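Visitor: any chance you could fold what I've pasted below:
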Amino acid sequence: MVDYVEALRYARGRNVVLPEEFYLLDLKSRHYAATVSRLASIDQIKTVLELVNKSLENGSTFNDFKKQVEAEGISLSEHHLANIYRTNMQMAYAHGRWEQQQANKETRPYLMYSAINDGRVRPTHLALDRIIRHIDDTFWTLYYPPWDFMCRCHVTALTEKQAKKYGITSDDDLPNVARNLGWSFNPATYGKHLNEVLDQKIANNLLDIPYSVEILEIKSKALIEQEVEQAIVDSIKPLDQANRKVLDDFMEDVASKGKDIAPSAPRFVVELTTENEKLTDLLRDSVQKKDIDLKSKSIVNWMMDSFKSVFGFAKNLKSKLTGNNLKGFDSFNLKKGNVIGIVTPTLFKTAEQAGKNITILDMKGHAIDLSKINGLNGSLLAPDLNLEVVSVTDTDIVLKRTDEVAKRLFVANGELIAFYG
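Guide: The predicted model follows:
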């Protein structure tokens, strides 16, 4: 798995504040890596079929065929897929850094290349160490890291004063470093590049109908995932300083356990604690359309995966939850025996100005305990949770978890989205 947590710890240990995009970069890596692996799979399948045909034509043995396959470097091993994923995570992070550096280039117009000077560094990468060029120089379109597989180098933005102090690299002093011809990452066009690759593959294989149809389907899925990423990003508010600290401390705690987690998962959970209605609207609409719309289905899958990821680190262990703020429940005209289905992660907490006192029974293992995330208030009820009304008075509501099928569905922030029966 990509070690997002270690990336954060490394940065914090050097007093480097990662861009806010860090907590959403896995969204881009997720769809990019999925598309690349799909494309790699059909490329490999096509190559294998071509080798089979050659074997038939030439009368080659099976062992000859296996050697040809190995010579093509064809493998769908876990290691290979992990390398694809890790590489594309690095690309997404680099793109985020590039965007941040471009936004600040009036005050920090120069970039300095930094290699990791250890026994693993490649000589070509070490040769670029401490090169300083203007941010708009074409050098960075070729050598902005990562510019080869498993590249660990990074770039630091400098003021003009700092750049002059360290020494701006002249054209004559630029080393002649050969590029990997099989690599084509440009931080300014990351994301767009994948669509260009797909378009080129379609154009190159128009006469090969099954293959081009397969690529068209992959491109269609890639475009949907790009829309999903954008919809999620657009629904999330900028981080304030307090919530940024909550997230950083939570990730540090995850690291101390020797674990890793996609940064967008805790970002999603913290966003729900702010009762962000724009995110709630996205989740509500997606839940309603998930059976007929691939984009909505993907958003719901991300919601479920994010909840489960954080749940693994902050599982509620209390059998009884109490509070007075389950937004919207007071307006339901609840009666004993009603079963309400929670369909999105739902905030349940105690607030100074709220409605009736609410008790929920049999809740061990069915919510996120927010106090385990840097002391946040309340719980986040699990999606796909059904609650039966035990009793209702003017001041109190008692609910209990049940396996009965819900007849009314509830989305976070108190909107009833469907009735059954």
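Visitor: what residue ranges in the stretch 101-250 of the chain score low on pLDDT?
Guide: 180-184, 189-219 (pLDDT under 70).
Visitor: which stretches of it form helices?
Guide: Using DSSP state H, counting those that start in this stretch, the helices of the stretch 101-250 of the chain run over 123-126, 139-143, 160-166, 192-204, 209-235, 241-256.
Visitor: map the structural domains onto the sequence of the protein.
Guide: As assigned by automatic domain parsing, the chain contains the domains 1-103+191-237, 104-183, 238-311, 321-419.
Visitor: measure the shortest one end to end?
Guide: Its first and final residues considered, domain 238-311 spans 24 Å by CA to CA, to the nearest Å.
Visitor: relative to A188, how far out is Q100?
Guide: The gap separating Q100 from A188 is 13 Å, by CB to CB, to the nearest Å. Just so you know, the C-beta spots here come from the backbone N, C-alpha and C atoms, and that holds for glycine as well.
Visitor: out of these two, which sits in the busier spot?
Guide: When Q100 and A188 are compared for neighbours, Q100 comes out ahead with 16 against 13, by other CB atoms under 10 Å.
Visitor: so that one: helix, strand or coil?
Guide: Recorded secondary structure, Q100: helix (DSSP: H, G, I helix; E, B strand; the rest coil).
Visitor: try S296
Guide: At S296 the chain is in helix, as set by three-state DSSP.
Visitor: residues contacting it?
Guide: Contact analysis of S296 by CB atoms under 8 Å, 6 or more residues apart in numbering lists 285-290.
Visitor: buried ones among the residues you listed?
Guide: Taking 16 or more other CB atoms under 10 Å as the criterion, what is buried in these is 285-288, 290.
Visitor: ok, of the residues you listed, which one's closest to K245?
Guide: Nearest to K245 among the buried ones among the contacts of S296 is S286, at 29.6 Å by CB to CB.
Visitor: name the element that closest one belongs to?
Guide: Element membership for S286, per DSSP states H and E: helix 277-289.
Visitor: who are the packing partners of that helix?
Guide: The contact analysis (3 or more CB pairs under 8 Å, 6 or more residues apart in numbering; DSSP states H and E) places helix 277-289 against helix 209-235, helix 264-273, helix 294-311, strand 408-411, strand 415-419.
Visitor: buried deepest among those, which one?
Guide: Most buried of those, by mean neighbour count (mean count of other CB atoms under 10 Å): helix 264-273, with a mean of 23.
Visitor: what is the mean pLDDT for that helix?
Guide: Here helix 264-273 scores 92 as its mean pLDDT.
Visitor: same deal with stretch 371-378?
Guide: For stretch 371-378, the mean pLDDT works out to 90.
Visitor: ok, G337 - how many residues close by?
Guide: Using other CB under 10 Å, the number of residues around G337 comes to 9.
Visitor: and for D172?
Guide: The local packing of D172 (other CB under 10 Å) involves 5 other residues.
Visitor: could you measure from it over to I132?
Guide: Distance, D172 to I132, using CB to CB: 14 Å.
Visitor: I'd like to know which of the helices and strands packed on helix 277-289 is closest to A242.
Guide: helix 264-273 (9.9 Å).
Visitor: so who does the spatially closest residue to I299 that is not a sequence neighbour touch?
Guide: Of all residues not flanking I299 in the chain, S286 sits nearest, at 4.1 Å (CB to CB, 6 or more residues apart in numbering). With CB under 8 Å, 6+ apart as the criterion, the residues that contact S286 are 293, 295-297, 299-300, 303.
Visitor: likewise K257?
Guide: Applying CB under 8 Å, 6+ apart, we find K257 in contact with F313.
Visitor: can you give me the strands in the stretch 301-421 of the chain?
Guide: If DSSP state E, counting those that start in this stretch is used as the criterion, the strands of the stretch 301-421 of the chain fall at 321-323, 339-342, 346-348, 357-361, 367-369, 379-381, 385-392, 396-401, 408-411, 415-419.
Visitor: how about these in CSV, adding distance to Y110?
Guide: CSV is the format used below for the strands of the stretch 301-421 of the chain (distance: least, CB to CB, whole Å):
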stretch, distance to Y110
strand 321-323, 53
strand 339-342, 52
strand 346-348, 45
strand 357-361, 57
strand 367-369, 44
strand 379-381, 44
strand 385-392, 53
strand 396-401, 58
strand 408-411, 49
strand 415-419, 50
